Every structure is written in C-alpha cells, then in structure tokens.
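# Any chance you can model this:
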Amino acid sequence: MKWIVRTSAAFVCMALAISAGFLAGQVHASGAKPVDAPKELHFVIHNSAMKVMKHDPNTDTIGDLLVAEDPLYDTTDQQVVGKINGDFVLTHVGDTPGHSVYEGSGTIILPDGQISFEGPFTQHEAGSYSTITGGTQAYDNVHGQMHITANETQMQEGTKYKIDLSYSQA
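Below you'll find the model as predicted:
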C-alpha cells in the first residue's frame, strides 16, 4: 500500500513539473513581452478642413456627419508633422454652441506609422477622450487614450485643438 501511495505521489509531482515546464515554454514561445511605460505624443490641429454635412442646413440634427482631414502640427504650432483623418456622426445636440457630441473614429498618420482611435468628440474646451484602438509600424500593438481639447477659453466651438495621446505598447 505504501508503494502505491509513494508511486502516486511521484506521478503527481512529475505531472506538475511537466505541466509547469510546458506552461513556461508556452509563455516564452508566445513572444509576449512586458508592457512599456506609457508614452506621450502632443499635437495641434486647425479646424481648417473639417466639413459638416447637415440634414438641415439651418440647425444641428442627430445624424449630421463631420468629416476631418487636417494637418497635424507640432506643439509649437509651426511645423506640420502628420495629418488626422476621421468621420464622426452627431449623436447629441447641445444646448449651446460647441456642446454637441459626435461619435466616430479616425486615424493619426505620422511618418513612422499610424494610430487609430474611436470615441466621442466635443467641440469645446472641456474636451473629450477617445480610445486608441491600434496602430501600425512604430505604433503596432498600441493602446491608450487620446484627449482632444479646443484652445478657446469660452464655451464655443474651437478653431484649433490640442491633441494629447497617452499610450502603451504590448
């Protein structure tokens, strides 16, 4: 009887050791690497090429479409460093100018890759956050958030916006 207990215990220990080795090999073989500390990028965009296609030309209406293809400037607002493309659908009509909410997605295009985002967009200085949903090239496997705020200090529609990205790569 003692022999059976010892043999069973030895098999259990051996099975656990094999399983642990297999799992360690799987984690190593998967190529998973630790997540880097968050990185940041900062830009300025001008409301120069944003176009709103309205259902009713006299008022904001849910379903209006905002399309953007604007150059991205560095934080000094002097040099073009990329561009931003996006499309947003009006989902909430605000009580005052600039307080309407659009929902949509877009892409920040930079010389070393692209960063995609999705979420709400408001046109006033309180700003809004969108989710970074992925990227290409230097931004492969990115995730994080984008904060976009109008440069105005009054509750009005922006003519320039500040974009702050905070992201990590897996």
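# Name every strand pairing with the lengthiest strand in the chain and say which way it goes.
Taking DSSP state E as the criterion, the chain has its longest strand at strand 80-92. Sheet pairing of strand 80-92 (DSSP bridges) gives strand 65-73 (antiparallel), strand 101-110 (antiparallel).
# which residues does the spatially most central residue of the chain contact?
Nearest to the mean C-alpha position of the chain, counting by CA atoms, centre = their mean, stands I132 at 1.0 Å. By CB atoms under 8 Å, 6 or more residues apart in numbering, the contact list for I132 reads I115, S116, F117, V142, H143, G144, Q145, M146, L165, Y167. For glycine as for every other residue, the C-beta is placed from the backbone atoms N, C-alpha and C.
# Kindly report the same for G104.
Neighbouring residues of G104 by CB under 8 Å, 6+ apart: L66, G86, D87, F88, V89, E118, G119, F121.
# who wins for most neighbours among those?
Counting neighbours by other CB atoms under 10 Å, the top entry in the contacts of G104 is F121, with 25 neighbours.
# Please, which helix or strand holds the nearest residue to K39 once chain neighbours are set aside?
Using CB to CB, 6 or more residues apart in numbering and skipping the chain neighbours, the partner closest in space to K39 is Y167 (5.8 Å). Under the criterion DSSP states H and E, the helix or strand holding Y167 is strand 160-169.
# That strand: partners in the sheet, and parallel or antiparallel?
Applying DSSP bridges to the sheet, strand 160-169 is found paired with strand 39-46 (antiparallel), strand 142-150 (antiparallel).
# Generate a markdown table for the contacts of G104, with distance to Y102 and pLDDT as supplementary columns.
Below are the contacts of G104 laid out as a markdown table (distance: CB to CB, whole Å; pLDDT from 0 to 100):
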| residue | distance to Y102 | pLDDT |
| --- | --- | --- |
| L66 | 5 | 91 |
| G86 | 9 | 95 |
| D87 | 9 | 96 |
| F88 | 4 | 95 |
| V89 | 6 | 96 |
| E118 | 12 | 98 |
| G119 | 10 | 96 |
| F121 | 5 | 86 |
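# which residues touch L90?
By CB under 8 Å, 6+ apart, L90 lies in contact with D60, T61, I62, G63, D64, L65, L66, S100, V101, Y102.
# Tell me the buried residues in stretch 91-102?
By neighbour count, with 16 or more other CB atoms under 10 Å as the criterion, the buried positions of stretch 91-102 are G98, H99, S100, V101, Y102.
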